[in-house]
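Undergrad: I would like to see how this sequence folds:
(2 chains)
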2 protein chains.
Amino acid sequence: MSREVDVAIIGAGSAGLFALSQVRKQTDSFVLIDGGELGTTCARVGCMPSKALIQVAEDFHRRKVFEREGIEGADSLKVDVPEAMEHVQDLRDTFVDRTLGATDHLDEAHLLESYARFTSNDTLEVDGEEIRAKKIIIATGTTPIVPAAWQDVAENVITTDEFFELEDLPATMAVIGLGSIGLEIGQALSRLGVDVTGMDQLETVAKLADPVVGDLAVDAISKEFPLWLGAMAELEPHDEGVKVTCGDKSVVVEKVLASLGRRPNLDQLGLENVSIELDERGIPVYDPHTMQVGDSSIFIAGDVNADRALLHEAGHEGRVAGYNTVHDITAFKRKTPLGITFCEPSIATVGEQLDELNDAEIAIGEIQFGPVGRALIMAKNRGVLRVYANKADGRLRGAAMACVKAENLAHLLAWSIQQGLSVQDLLKMPFYHPVIEEALQAALYDALGKLDVSEEVVELEKL
Amino acid sequence: MSREVDVAIIGAGSAGLFALSQVRKQTDSFVLIDGGELGTTCARVGCMPSKALIQVAEDFHRRKVFEREGIEGADSLKVDVPEAMEHVQDLRDTFVDRTLGATDHLDEAHLLESYARFTSNDTLEVDGEEIRAKKIIIATGTTPIVPAAWQDVAENVITTDEFFELEDLPATMAVIGLGSIGLEIGQALSRLGVDVTGMDQLETVAKLADPVVGDLAVDAISKEFPLWLGAMAELEPHDEGVKVTCGDKSVVVEKVLASLGRRPNLDQLGLENVSIELDERGIPVYDPHTMQVGDSSIFIAGDVNADRALLHEAGHEGRVAGYNTVHDITAFKRKTPLGITFCEPSIATVGEQLDELNDAEIAIGEIQFGPVGRALIMAKNRGVLRVYANKADGRLRGAAMACVKAENLAHLLAWSIQQGLSVQDLLKMPFYHPVIEEALQAALYDALGKLDVSEEVVELEKL
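TA: Numbers count the residues shown, from 1 in each chain, chains lettered A, B, ... in the order given. Predicted coordinates:
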């Protein structure tokens, strides 16, 4: 049995679905192939359920400001954890159902719910059937990393793929890996009453390259639960669960959350039958502006390429890959990098980071949130925002922050950077009062004072 | 006794202080004159204490989602109103102290704590002293409006100038005037347990010109407390306080909050001794790009000119007026209009509004927040956002919204409009996931479908 199509898309996650939307504009000759559970990483086990959990934890945590505000009775508040988890799962199911809508209407000829394996550059084997495709998009996503050395304690290790299925939470937990997901879940669990210890082999969290922002984030978050940084965690079986050792510290916990990142789903794809170049990690070498793998008819989009594993980037890459399977290959600009960790203080990085910039060329504008009016009113004034601009002309290059409303400030900054705007340009914009955006304004003023340019009244623009 | 100065600034509020900052760069020959309480309307009785009150009310109101989230004990929460008001006043005092810092260092020769009265175009009388000034800036601010007809019930009427001095709150209250301040305080009081009735002679709130946004706002807010719209409120004395009649409805309340707006402080200035043109309201006719009154040596900045009575606009106008007193008169661009009401759902207007736009030229993009993922997670998914763009080319002209995080979305939109960006430009920007900015993205897509332009993949930009 065999058939021919214009385009085969392997993976019906976010990247695959965005690719499909482009492909369908031009041809009905396609197959979408997915052997796993449908519904996208984002909706099933990623962005969405984590935000629901964080929201509950944040609402419960907020009771700590009640006394200062004249609200009595905070001590009577309790979390019914199974109820809270059920609420999270209900919301998760709503979001998963929506993503399923994207494939619902595909008939059996277009949606193959099975696994694909390359047999050559332009043929796939799916359930014994040979599919010959003019263009193929790899969008197979990722799987949580669990070190082989953890085999002995496997039953006490939970990955983020499994976490949101829990009906109750353990009393004690080690969260190993303090990237976005680890920090988010770790803080939320701590706020919901789990005795959490966070660990990471790096000396910072959320991969922050800015030491001022990193130190503030570590300091603020470790007031809620301990962060053990700078050493690889080692696990050994223990009567009461798992003994976790990290540097010279150790703790016995019921469960370990493995939040060490995710590895590309490439090993079952039969890439050994394809003539493309792989990098040292085994990932096909591709052009990030076209998503094309070498000069082959294969494209790779979404988390599986191990670059910018974020929903909106998966969407962008899927769209580019999909477009390029049905048009002449076209190179597109990448979006300004934007990363957000939804903890408190929330963390965001925008554009280029300090480890990518030349210190001597850059002016850093900084604002500590202590006195920022609106943040003080919100009782969320522990934070810092730093903007990086060219000393010579004030053009914004990047920013990093750990502060309230980082997600919103980061959008303002990302959009500004993508347009090539300068510190001086932004200071001409309206900043309302009293809003958190005024903290950005203050950081921009701080940067302005360090630039090699001067304007008489930077805030005003001649008519 | 008399003296001569380069610049006299009448009023040490926000506009006056921003003017001063420009003047001082060029000359030490100035006087700042203020006979009232120092500390700015914003910090004493406006933006800042209202936000503190709103924050307490919002935190208390949030208990209503606790049950759905699995948090038990919400019924045990109570507000100790005097404690809450003291908290608001403590914060208010902090902010007032800061603004006082702006005049602290001025000696008696530069800061005259008294009232000024024009005796001619370039002379003022202050405490019997004649001050001759090459340039004079009027920045005298405003006073709450209380209709003369309310004289009989004066002791039951509170203005926003007095409200934040209250040590306790009345049990029942009518809030008359549902602009920003009335809506904000009305909703906060209702949430803190006051039995509030809101009234406005307009058929909408927050002066919304967009009927879809207006209707949603009225609908959502009136689920918390009744809004009586479309009739002038009439007050009469009553044994238990005041009887307020609005159209065919009436209510007896302990107190009435007069939030009918503020009138310019011009009547004591001796403007009859000055040869300048006044408009039909008695306000000096001035150029909004220079702040100059006619071709005189007088400038007018801040709330007193009855246009854009907002802190950031007072700052802008003060800066322009100050600059123009010590330089050749220069015309500066105005900022994109931006107005925010900090109620829930929060309300914002940006750029041009429907009553200023030509229906036939405009495409309206709309998003209802019901299904917006993050809003649903926050349980704040009652909202609507509408963007107005030129049908012909997609350029954004304005927006109105009543939704969660309006203040943040409004900044993104205001900055974009000020730069002349189009719907198509914005769709190329990064929108993270899951964030409220995705609702703006959806509104932009809705607008895109209504434009007379088409692009193959609007989200992608060729390299």
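Undergrad: got a list of what A:Ala406 touches?
TA: A:340, A:345-348, A:383, A:385 (CB atoms under 8 Å, 6 or more residues apart in numbering or on different chains). (Each C-beta comes from the backbone N, C-alpha and C, glycine too.)
Undergrad: Chain B next: which of the residues you listed are close?
TA: The overlap between these and the neighbours of chain B (CB under 8 Å from any CB of the partner chain) comes to A:Ile340.
Undergrad: Among the contacts of A:Ala406, which one sits closest to chain B?
TA: Proximity of those to chain B (CB to the nearest CB) peaks at A:Ile340, which lies at 5.6 Å.
Undergrad: and the helix or strand harbouring that closest one, which strands flank it?
TA: Using DSSP states H and E, the element containing A:Ile340 is strand A:338-341. For strand A:338-341, the paired strands and their directions (DSSP bridges) are strand A:346-351 (antiparallel).
Undergrad: any idea of the mean pLDDT for the partner strand?
TA: Strand A:346-351 carries an average pLDDT of 98.
Undergrad: quick one on the thing from earlier: quick one: residues in contact with the strand holding A:Ile340.
TA: Identification of contacts with strand A:338-341 by CB under 8 Å, 6+ apart yields A:179-180, A:183-184, A:205-206, A:310, A:312, A:346-350, A:406-407, A:410-411, A:414, B:430, B:432, B:435.
Undergrad: mind redoing it with 6 Å?
TA: With contact meaning CB atoms under 6 Å, 6 or more residues apart in numbering or on different chains, strand A:338-341 is reached by A:180, A:183, A:206, A:347-350, A:407, A:410, A:414, B:430, B:432.
Undergrad: could I get the contacts of A:Ala406 as CSV with distance to A:Leu227 and neighbour count?
TA: Formatted as CSV, the contacts of A:Ala406 follow (distance: CB to CB, whole Å; neighbours: other CB atoms under 10 Å in any protein chain shown):
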residue, distance to A:Leu227, neighbour count
A:Ile340, 19, 23
A:Pro345, 14, 25
A:Ser346, 17, 24
A:Ile347, 13, 30
A:Ala348, 19, 28
A:Gly383, 17, 27
A:Leu385, 21, 30
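Undergrad: Give me the phi and psi angles of A:Ala154.
TA: Main-chain torsions, A:Ala154, degrees, to the nearest 10: phi -50, psi -40.
Undergrad: quick one: buried residues of stretch A:320-340?
TA: The neighbour-count check on stretch A:320-340 (16 or more other CB atoms under 10 Å in any protein chain shown) flags A:320-326, A:332, A:334-340 as buried.
Undergrad: and what of stretch A:151-166?
TA: Judged by neighbour count using 16+ other CB under 10 Å, the buried positions of stretch A:151-166 are A:153, A:156-161, A:163-164.
Undergrad: Please flag which of the residues you listed sit within helices.
TA: A:160-161, A:163 (DSSP state H).
Undergrad: and chain B, which of those contact it?
TA: Among these, none lies close to chain B by the criterion of CB under 6 Å from any CB of the partner chain.
Undergrad: Turn these into TSV, including pLDDT.
TA: Output for these, formatted as TSV (pLDDT from 0 to 100):
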residue	pLDDT
A:Thr160	92
A:Asp161	91
A:Phe163	96
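Undergrad: Nearest to A:Leu20 among those residues?
TA: A:Asp161 (23.6 Å; CB to CB).
Undergrad: so what's that closest one closest to, chain neighbours aside?
TA: A:Val45 (5.0 Å; CB to CB, 6 or more residues apart in numbering or on different chains).
Undergrad: What residues does the one you found make contact with?
TA: Counting by CB under 6 Å, 6+ apart, A:Val45 touches A:160-161, A:164.
Undergrad: can you pull the alpha-carbon coordinates of the lowest-mean-pLDDT helix or strand in chain A into PDB?
TA: Ranked by mean pLDDT, DSSP states H and E, the weakest helix or strand in chain A is helix A:41-45, scoring a mean of 85. In PDB, the C-alpha atoms belonging to helix A:41-45 read as follows (Å, rounded to 0.1, in the frame of the first residue of the first chain):
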ATOM      1  CA  THR A  41       2.100  20.000  25.000                       C
ATOM      2  CA  CYS A  42       1.000  23.600  25.800                       C
ATOM      3  CA  ALA A  43      -2.600  22.700  26.600                       C
ATOM      4  CA  ARG A  44      -2.000  19.200  28.100                       C
ATOM      5  CA  VAL A  45       1.000  19.600  30.300                       C
END
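Undergrad: List the contacts of A:Leu426.
TA: A:416, A:444.
Undergrad: do that again at 10 Å, thanks
TA: Taking CB atoms under 10 Å, 6 or more residues apart in numbering or on different chains, we find A:Leu426 in contact with A:387, A:389, A:394, A:396, A:412-413, A:416, A:440-441, A:443-444, A:447-448, A:458, B:415.
Undergrad: nearest to B:Gln89, of these?
TA: Ranked by distance to B:Gln89 (CB to CB), these are led by A:Gln441 at 26.9 Å.
Undergrad: What count of nearby residues applies to the closest one?
TA: 18 (other CB atoms under 10 Å in any protein chain shown).
Undergrad: Surely it is in contact with A:Met429?
TA: Yes. The pair A:Gln441 / A:Met429 is scored as a contact, 8.7 Å apart, by CB atoms under 10 Å.
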